[in-house]
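Novice: Let's see this in three dimensions:
(one chain, ligands or ions: 1)
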Amino acid sequence: MSLRWIGTSWKMNKTLAESRAYARGLRERLGDGAPEGLQPFVIPSFTSLAAVAEELGPGSPVLVGAQNAHWEEAGAWTGEVSMGQAADAGASLVEIGHSERREHFGETVETTRWKVAAALERGLMPLLCIGEDARTQRTGGSAEFILGQAAGALEGLAQEQLSRVLIAYEPIWAIGSAGRPATAEELATPFERLGAEYGGRVAGLLYGGSVTLGNARELLGIDGVDGLFVGRTAWELEGYLRLLELAAGH
Ligand code: 13P
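Specialist: I've put the predicted structure just below:
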(Lines give C-alpha, C1' and ligand atoms only; values in the text may rest on other atoms or scores of the structure.)
Protein backbone atom coordinates (compact mmCIF):
# COMPACT_ATOMS: atom_id res chain seq x y z
CA MET A 1 0.00 0.00 0.00
CA SER A 2 1.19 3.51 -0.71
CA LEU A 3 2.15 5.92 2.06
CA ARG A 4 -0.57 7.75 3.91
CA TRP A 5 0.21 11.43 4.34
CA ILE A 6 -1.06 12.91 7.60
CA GLY A 7 -0.11 16.54 7.99
CA THR A 8 -1.09 19.77 9.61
CA SER A 9 -0.76 23.44 8.79
CA TRP A 10 -0.72 25.63 11.84
CA LYS A 11 -1.79 28.62 9.71
CA MET A 12 -1.17 31.92 11.54
CA ASN A 13 -0.83 30.38 14.99
CA LYS A 14 1.81 29.62 17.61
CA THR A 15 4.68 31.57 19.11
CA LEU A 16 8.20 30.34 18.75
CA ALA A 17 8.05 28.76 22.21
CA GLU A 18 4.74 27.01 21.43
CA SER A 19 6.11 25.74 18.11
CA ARG A 20 9.25 24.40 19.75
CA ALA A 21 7.25 22.67 22.48
CA TYR A 22 4.99 20.98 19.92
CA ALA A 23 7.95 19.81 17.81
CA ARG A 24 9.88 18.59 20.84
CA GLY A 25 6.83 16.70 22.06
CA LEU A 26 6.35 15.15 18.64
CA ARG A 27 9.97 13.97 18.55
CA GLU A 28 9.72 12.49 22.04
CA ARG A 29 6.44 10.73 21.41
CA LEU A 30 7.23 9.37 17.94
CA GLY A 31 10.82 8.41 18.60
CA ASP A 32 12.90 7.63 15.52
CA GLY A 33 10.18 6.36 13.30
CA ALA A 34 6.75 7.30 12.07
CA PRO A 35 3.96 4.78 12.61
CA GLU A 36 4.23 2.23 9.83
CA GLY A 37 2.89 3.34 6.48
CA LEU A 38 2.48 6.97 7.52
CA GLN A 39 4.27 10.09 6.39
CA PRO A 40 3.66 12.86 8.95
CA PHE A 41 4.31 16.53 8.15
CA VAL A 42 3.89 19.81 9.98
CA ILE A 43 3.69 23.26 8.41
CA PRO A 44 4.45 26.07 10.87
CA SER A 45 4.59 29.82 10.26
CA PHE A 46 7.80 31.10 8.68
CA THR A 47 8.91 32.50 12.02
CA SER A 48 8.96 28.99 13.51
CA LEU A 49 10.09 26.94 10.53
CA ALA A 50 13.79 26.71 11.38
CA ALA A 51 13.10 26.11 15.08
CA VAL A 52 10.65 23.29 14.34
CA ALA A 53 13.12 21.65 11.94
CA GLU A 54 15.84 21.98 14.57
CA GLU A 55 13.70 20.49 17.36
CA LEU A 56 12.65 17.56 15.18
CA GLY A 57 16.28 16.97 14.31
CA PRO A 58 18.04 15.63 11.22
CA GLY A 59 16.56 12.43 9.87
CA SER A 60 13.23 13.04 11.59
CA PRO A 61 10.34 10.95 10.25
CA VAL A 62 8.29 14.17 10.27
CA LEU A 63 8.66 16.44 7.25
CA VAL A 64 8.53 20.20 7.73
CA GLY A 65 6.84 22.50 5.24
CA ALA A 66 6.29 26.17 4.47
CA GLN A 67 2.79 27.64 4.05
CA ASN A 68 3.78 29.56 0.93
CA ALA A 69 6.88 30.72 -0.94
CA HIS A 70 7.63 33.00 -3.86
CA TRP A 71 8.45 31.82 -7.36
CA GLU A 72 11.51 34.06 -7.79
CA GLU A 73 14.86 32.98 -6.40
CA ALA A 74 15.72 36.29 -4.76
CA GLY A 75 15.35 40.03 -5.15
CA ALA A 76 13.20 43.04 -4.37
CA TRP A 77 10.05 41.27 -3.16
CA THR A 78 9.42 42.84 0.23
CA GLY A 79 7.62 40.55 2.65
CA GLU A 80 8.14 37.42 0.59
CA VAL A 81 10.23 34.30 1.20
CA SER A 82 11.82 32.30 -1.63
CA MET A 83 11.74 28.54 -2.13
CA GLY A 84 15.47 28.49 -1.48
CA GLN A 85 15.06 30.36 1.81
CA ALA A 86 12.30 27.98 2.90
CA ALA A 87 14.50 25.00 2.06
CA ASP A 88 17.42 26.60 3.87
CA ALA A 89 15.24 26.96 6.99
CA GLY A 90 14.46 23.24 6.91
CA ALA A 91 11.40 22.88 4.68
CA SER A 92 11.13 19.91 2.39
CA LEU A 93 7.63 20.68 1.23
CA VAL A 94 5.73 23.85 0.43
CA GLU A 95 2.02 24.56 0.42
CA ILE A 96 0.83 26.25 -2.76
CA GLY A 97 -2.57 27.73 -3.54
CA HIS A 98 -4.38 27.27 -0.24
CA SER A 99 -7.85 28.79 -0.63
CA GLU A 100 -7.10 31.36 2.07
CA ARG A 101 -4.21 32.60 -0.07
CA ARG A 102 -6.30 32.54 -3.23
CA GLU A 103 -9.08 34.49 -1.50
CA HIS A 104 -7.11 37.04 0.51
CA PHE A 105 -3.71 37.33 -1.15
CA GLY A 106 -4.38 37.21 -4.85
CA GLU A 107 -3.05 33.73 -5.55
CA THR A 108 -4.11 32.69 -9.05
CA VAL A 109 -3.83 29.57 -11.16
CA GLU A 110 -0.93 31.27 -12.92
CA THR A 111 1.00 32.03 -9.71
CA THR A 112 0.39 28.49 -8.47
CA ARG A 113 1.95 27.23 -11.71
CA TRP A 114 5.02 29.42 -11.25
CA LYS A 115 5.34 28.34 -7.62
CA VAL A 116 5.01 24.63 -8.38
CA ALA A 117 7.77 24.94 -10.98
CA ALA A 118 10.01 26.93 -8.61
CA ALA A 119 9.46 24.43 -5.79
CA LEU A 120 10.36 21.45 -7.97
CA GLU A 121 13.41 23.26 -9.27
CA ARG A 122 14.55 23.78 -5.67
CA GLY A 123 13.88 20.18 -4.67
CA LEU A 124 10.85 21.06 -2.53
CA MET A 125 7.70 18.97 -2.74
CA PRO A 126 4.75 21.16 -3.76
CA LEU A 127 1.57 20.53 -1.77
CA LEU A 128 -0.92 21.97 -4.22
CA CYS A 129 -4.25 22.88 -2.60
CA ILE A 130 -7.37 22.96 -4.74
CA GLY A 131 -11.02 23.42 -3.83
CA GLU A 132 -14.27 24.95 -4.99
CA ASP A 133 -16.65 27.30 -3.18
CA ALA A 134 -20.12 26.43 -1.92
CA ARG A 135 -21.88 27.88 -4.95
CA THR A 136 -19.86 25.81 -7.38
CA GLN A 137 -20.57 22.74 -5.30
CA ARG A 138 -24.31 23.44 -5.24
CA THR A 139 -24.39 23.60 -9.02
CA GLY A 140 -22.57 20.28 -9.33
CA GLY A 141 -19.39 21.75 -10.76
CA SER A 142 -16.90 20.64 -8.09
CA ALA A 143 -14.92 18.09 -10.09
CA GLU A 144 -14.59 20.27 -13.21
CA PHE A 145 -13.47 23.23 -11.13
CA ILE A 146 -10.78 21.44 -9.14
CA LEU A 147 -9.48 19.56 -12.17
CA GLY A 148 -9.11 22.95 -13.85
CA GLN A 149 -7.15 24.34 -10.91
CA ALA A 150 -4.90 21.28 -10.87
CA ALA A 151 -4.36 21.23 -14.63
CA GLY A 152 -3.47 24.93 -14.61
CA ALA A 153 -0.94 24.56 -11.81
CA LEU A 154 0.64 21.37 -13.13
CA GLU A 155 0.66 22.21 -16.83
CA GLY A 156 3.71 21.04 -18.73
CA LEU A 157 5.24 18.93 -15.96
CA ALA A 158 7.01 15.73 -16.90
CA GLN A 159 5.95 12.54 -15.10
CA GLU A 160 9.11 12.59 -12.99
CA GLN A 161 8.17 16.07 -11.71
CA LEU A 162 4.52 15.13 -11.15
CA SER A 163 5.64 12.20 -9.02
CA ARG A 164 7.06 14.75 -6.54
CA VAL A 165 3.77 16.67 -6.17
CA LEU A 166 1.10 16.23 -3.50
CA ILE A 167 -2.44 17.41 -4.19
CA ALA A 168 -4.81 18.33 -1.35
CA TYR A 169 -8.49 18.65 -2.20
CA GLU A 170 -9.89 21.12 0.32
CA PRO A 171 -13.39 22.33 -0.55
CA ILE A 172 -13.68 25.94 0.66
CA TRP A 173 -17.04 25.18 2.28
CA ALA A 174 -15.38 22.48 4.39
CA ILE A 175 -12.49 24.53 5.77
CA GLY A 176 -12.22 26.29 9.11
CA SER A 177 -14.69 27.25 11.81
CA ALA A 178 -17.32 28.31 9.23
CA GLY A 179 -16.98 25.03 7.37
CA ARG A 180 -18.50 21.59 7.73
CA PRO A 181 -16.78 18.32 6.85
CA ALA A 182 -17.47 16.90 3.43
CA THR A 183 -19.34 13.61 3.47
CA ALA A 184 -18.06 10.43 1.88
CA GLU A 185 -20.78 10.79 -0.71
CA GLU A 186 -19.71 14.33 -1.61
CA LEU A 187 -16.10 13.24 -1.94
CA ALA A 188 -16.69 10.17 -4.08
CA THR A 189 -16.86 11.90 -7.48
CA PRO A 190 -14.09 14.48 -6.92
CA PHE A 191 -11.70 11.75 -5.77
CA GLU A 192 -12.76 9.44 -8.55
CA ARG A 193 -12.00 12.15 -11.10
CA LEU A 194 -8.76 13.19 -9.41
CA GLY A 195 -7.75 9.55 -9.18
CA ALA A 196 -8.45 8.99 -12.87
CA GLU A 197 -6.24 11.94 -13.78
CA TYR A 198 -3.50 11.82 -11.15
CA GLY A 199 -3.79 8.55 -9.21
CA GLY A 200 -0.42 6.76 -9.22
CA ARG A 201 1.16 9.72 -11.03
CA VAL A 202 1.49 12.15 -8.09
CA ALA A 203 2.95 11.40 -4.67
CA GLY A 204 -0.50 11.46 -3.05
CA LEU A 205 -4.06 12.79 -3.09
CA LEU A 206 -5.13 14.24 0.27
CA TYR A 207 -8.39 15.50 1.70
CA GLY A 208 -8.61 18.56 3.96
CA GLY A 209 -11.43 20.49 5.64
CA SER A 210 -12.87 19.99 9.15
CA VAL A 211 -11.10 16.67 9.69
CA THR A 212 -11.80 15.53 13.25
CA LEU A 213 -10.98 12.53 15.43
CA GLY A 214 -14.53 11.43 14.70
CA ASN A 215 -14.43 11.44 10.90
CA ALA A 216 -10.75 10.75 10.08
CA ARG A 217 -11.12 7.01 9.64
CA GLU A 218 -14.13 7.30 7.39
CA LEU A 219 -12.36 9.91 5.25
CA LEU A 220 -9.29 7.70 4.93
CA GLY A 221 -11.54 4.89 3.76
CA ILE A 222 -12.71 6.80 0.68
CA ASP A 223 -11.37 5.42 -2.60
CA GLY A 224 -8.48 7.51 -3.83
CA VAL A 225 -7.79 9.32 -0.52
CA ASP A 226 -4.10 8.86 0.36
CA GLY A 227 -4.03 11.13 3.37
CA LEU A 228 -5.39 14.03 5.37
CA PHE A 229 -4.39 17.67 5.59
CA VAL A 230 -5.57 19.02 8.90
CA GLY A 231 -5.96 22.38 10.59
CA ARG A 232 -7.69 22.83 13.95
CA THR A 233 -7.80 19.22 15.12
CA ALA A 234 -4.01 18.98 14.97
CA TRP A 235 -3.10 22.38 16.38
CA GLU A 236 -2.66 20.72 19.76
CA LEU A 237 -0.06 17.96 19.83
CA GLU A 238 -2.45 15.47 21.46
CA GLY A 239 -4.93 15.89 18.61
CA TYR A 240 -2.25 15.32 16.00
CA LEU A 241 -0.87 12.25 17.77
CA ARG A 242 -4.36 10.81 18.05
CA LEU A 243 -4.92 11.36 14.32
CA LEU A 244 -1.67 9.55 13.55
CA GLU A 245 -2.81 6.65 15.73
CA LEU A 246 -6.18 6.51 13.98
CA ALA A 247 -4.52 6.57 10.56
CA ALA A 248 -1.97 3.92 11.54
CA GLY A 249 -4.65 1.59 12.79
CA HIS A 250 -6.76 2.10 9.69
P1 13P B 1 -9.44 22.81 9.24
O2 13P B 1 -9.01 21.38 9.46
O3 13P B 1 -9.25 23.67 10.45
O4 13P B 1 -10.81 22.91 8.65
O5 13P B 1 -8.43 23.42 8.15
C6 13P B 1 -8.11 22.67 7.02
C7 13P B 1 -7.10 23.37 6.21
O8 13P B 1 -7.32 24.43 5.67
C9 13P B 1 -5.77 22.75 6.10
O10 13P B 1 -5.01 23.43 5.17
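Novice: show me where the chain has strands.
Specialist: Under the criterion DSSP state E, the chain contains strands at 4-9, 38-43, 63-66, 93-96, 125-130, 166-169, 204-208, 227-230.
Novice: Turn those strands into CSV, columns for mean pLDDT and distance to the ligand.
Specialist: Every C-beta, even on glycine, is put in place using the N, C-alpha and C of the backbone. Compiled in CSV, the strands of the chain are given as follows (pLDDT from 0 to 100; distance: least, C-beta to the nearest ligand atom, whole Å):
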stretch, mean pLDDT, distance to the ligand
strand 4-9, 98, 4
strand 38-43, 98, 8
strand 63-66, 98, 11
strand 93-96, 98, 7
strand 125-130, 98, 7
strand 166-169, 98, 7
strand 204-208, 98, 4
strand 227-230, 98, 5
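Novice: Next, format those as a markdown table and append mean neighbour count.
Specialist: Below are the strands of the chain laid out as a markdown table (neighbours: other C-beta atoms under 10 Å):
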| stretch | mean neighbour count |
| --- | --- |
| strand 4-9 | 25 |
| strand 38-43 | 23 |
| strand 63-66 | 25 |
| strand 93-96 | 26 |
| strand 125-130 | 27 |
| strand 166-169 | 26 |
| strand 204-208 | 24 |
| strand 227-230 | 25 |
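Novice: Run a quick check on E36 versus E245, I expect a contact.
Specialist: No: using C-beta atoms under 8 Å, E36 makes no contact with E245, being 11.9 Å away.
Novice: about what we covered before: format the strands of the chain as CSV; extra columns: distance to Y240.
Specialist: Listed next are those as CSV, based on distance: least, C-beta to C-beta, whole Å:
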stretch, distance to Y240
strand 4-9, 6
strand 38-43, 8
strand 63-66, 14
strand 93-96, 16
strand 125-130, 17
strand 166-169, 16
strand 204-208, 14
strand 227-230, 7
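Novice: Any idea which of the ones you listed gets closest to R217?
Specialist: When those are compared for distance to R217 using C-beta to C-beta, the nearest one is strand 227-230, at 10.2 Å.
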